[in-house]
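Novice: From the sequence below, what's the structure:
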Amino acid sequence: MYPCPCGWRGDAHKQCTCAESTVTKYQKRISGPLLNRIVIHVEVPRVDYQKLSSDRLGESSECIRARVEATRQRQSERFLNMKSNNVISNADMRVGEVRLFCKLDEAGDLANGCQRTAKWI
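Specialist: Predicted coordinates for the structure are as follows:
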């Protein structure tokens with residue numbers, strides 16, 4: 001659903017021409033009970049034409065596959081000697097595994113409440 005009837009509300013390049021009352025009326029077309037059932041609301045900004053039409057190539061699927069397979073291999077090796085076989089990947093780790101494998105480096109181990117960074121072992 002567009003944010004307003006003209007579709008430009010919140011756009012960085014073009015200004016919305018709709019009156020506030022028009023926008024409110026437009027957005028109320030979807031009832032409250034229906035909106036309450038939608039868990040995630042995502043605003044998707046406009047993508048510039050140059051980005052969509054450029055000839056620039058991204059990474060190949062083979063390159064991405066190799067990186068993912070290498071990461072999975074490191075995770076398999078990391079959890080190979082675990083007593084419990086329930087941990088196969090980082091997503092399966094519980095608090096104990098996080099404390100064991102995710103040590104903070106010196107920069108991240110600040111007691112002043114700054115953002116901490118983890119270092120994988």
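
Novice: So Arg9, which state does it fall into?
Specialist: On the three-state scheme (DSSP: H, G, I helix; E, B strand; the rest coil), Arg9 is labelled coil.

Novice: For it, give me the backbone phi and psi.
Specialist: phi -60, psi 130 (degrees, to the nearest 10).

Novice: do the same with Lys103
Specialist: phi -80, psi 140.

Novice: burial count for it?
Specialist: 12 (other CB atoms under 10 Å). Quick note: C-beta positions are derived from backbone N, CA and C, even for glycine.

Novice: hey, what's it bridged with?
Specialist: Counting by DSSP bridges, Lys103 is bridged to Lys119.

Novice: what bits of this structure have low per-residue confidence?
Specialist: Counting by pLDDT under 70, the chain contains low-confidence ranges at 83-85, 110-121.

Novice: any idea which residue sits dead centre in it?
Specialist: Of all residues in the chain, the one closest to the mean position by CA atoms, centre = their mean is Val42, 11.5 Å from it.

Novice: wait, is that one part of a strand?
Specialist: No: under three-state DSSP, Val42 sits outside any strand and is assigned coil.

Novice: What distance do you get for it to Trp8?
Specialist: 18 Å (CB to CB, to the nearest Å).
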